[in-house]
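Engineer: Have a look at this prediction, sequence included:
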Amino acid sequence: MSRASFTPNSPSYESPEESEADTGVQQTRRTVLLGALATTACLGCSAHARAGEDPPGSDERPQKGDVLVFSEGDKEGKPITAADLPAGGPPVHAWPKDPKTSVVRSASRLNEILIIRLDPAELDDKTRERAVDGIIAYSAICSHAGCPVTAWVKSDVGDKEVFKCMCHNSEYDPRAGAQVVFGPAPRRLATLPIALADGAVSVAGNFIGKVGGVQPG
Ligand code: FES
């Protein structure tokens with residue numbers, strides 16, 4: 001399965017449904033320095049896109065009816081079920097896959113998704129509306145400079161675990177629509193509406209919110 005290359009200033013994608021802006025918070029000089037180092041390290045390990053080798057549809061945004069499959073690990077390429085998602089996290093990383101053509105939409109890195117299962121009682125009202133049995137999906141692309149959001153760690157500003165982008169330490173709270181709780185990210189992660197059919201997680205609609213970063217790393 002091909003995997004999209006990493007380019008922090010890749011073009012972003014904005015859903016027509018909603019554009020949301022959040023306010024980032026201040027970070028220390030130390031975290032900026034660490035972030036810059038992380039960005040450099042990440043750029044150094046980038047894969048290269050192989051233009052022309054990806055099947056048709058593999059770079060299209062997630063489509064309603066797509067199934068979500070593991071993007072990494074022992075189960076890479078296999079459909080994600082509710083049973084695969086540990087209660088309370090960590091999130092699973094996923095790609096959308098067209099069930100008719102079996103094309104995995106991994107040719108665009110903007111398609112990488114985080115899926116997490118949380119206690120519905122912990123979710124705010126809007127997030128609970130979008131979740132299915134506490135399961136909610138977000139874009140895995142940081143809104144700051146477009147790094148992949150890879151960490152699930154205790155927040156720097158609270159006692160709960162959050163999504164964290166290690167490039168410049170932005171944190172997002174999945175219980176509150178992935179709003180920014182720390183770091184320079186200017187807005188929340190986009191939400192991907194999902195559905196559950198026979199236990200498998202599928203796409204129920206277009207991204208809500210803008211996908212991708214706003215500035216080069
Ligand atoms: S790209 Fe800068 S915090 Fe994520």
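Structural biologist: That came through fine.

Engineer: what's the pLDDT at the most centrally placed residue in the chain?
Structural biologist: Computing the C-alpha centroid of the chain and ranking residues by CA atoms, centre = their mean puts A140 first, at 1.6 Å. Listed pLDDT for A140 reads 98.

Engineer: show me the contacts for it.
Structural biologist: Residues in contact with A140, defined by CB atoms under 8 Å, 6 or more residues apart in numbering, are 93, 112-114, 148-149, 189. The way it works is simple: take the backbone N, C-alpha and C, and place the C-beta from them, glycine included.

Engineer: do E129 as well
Structural biologist: When contacts are taken as CB under 8 Å, 6+ apart, E129 is in contact with no other residue.

Engineer: dump the residue contacts of the closest residue to F182 other than its chain neighbours.
Structural biologist: Sequence neighbours aside, E171 is the residue nearest to F182 in space, at 3.9 Å (criterion: CB to CB, 6 or more residues apart in numbering). With CB under 8 Å, 6+ apart as the criterion, the residues that contact E171 are 155-157, 162-165, 180-183.

Engineer: swap the cut-off to 7 Å and go again
Structural biologist: Applying CB atoms under 7 Å, 6 or more residues apart in numbering to E171 gives the contacts 155-156, 162-164, 181-183.

Engineer: any idea how far V104 is from the residue nearest to F163 when sequence neighbours are not counted?
Structural biologist: Of all residues not flanking F163 in the chain, Y172 sits nearest, at 4.3 Å (CB to CB, 6+ apart). Distance from Y172 to V104, counting by CB to CB, to the nearest Å: 25 Å.
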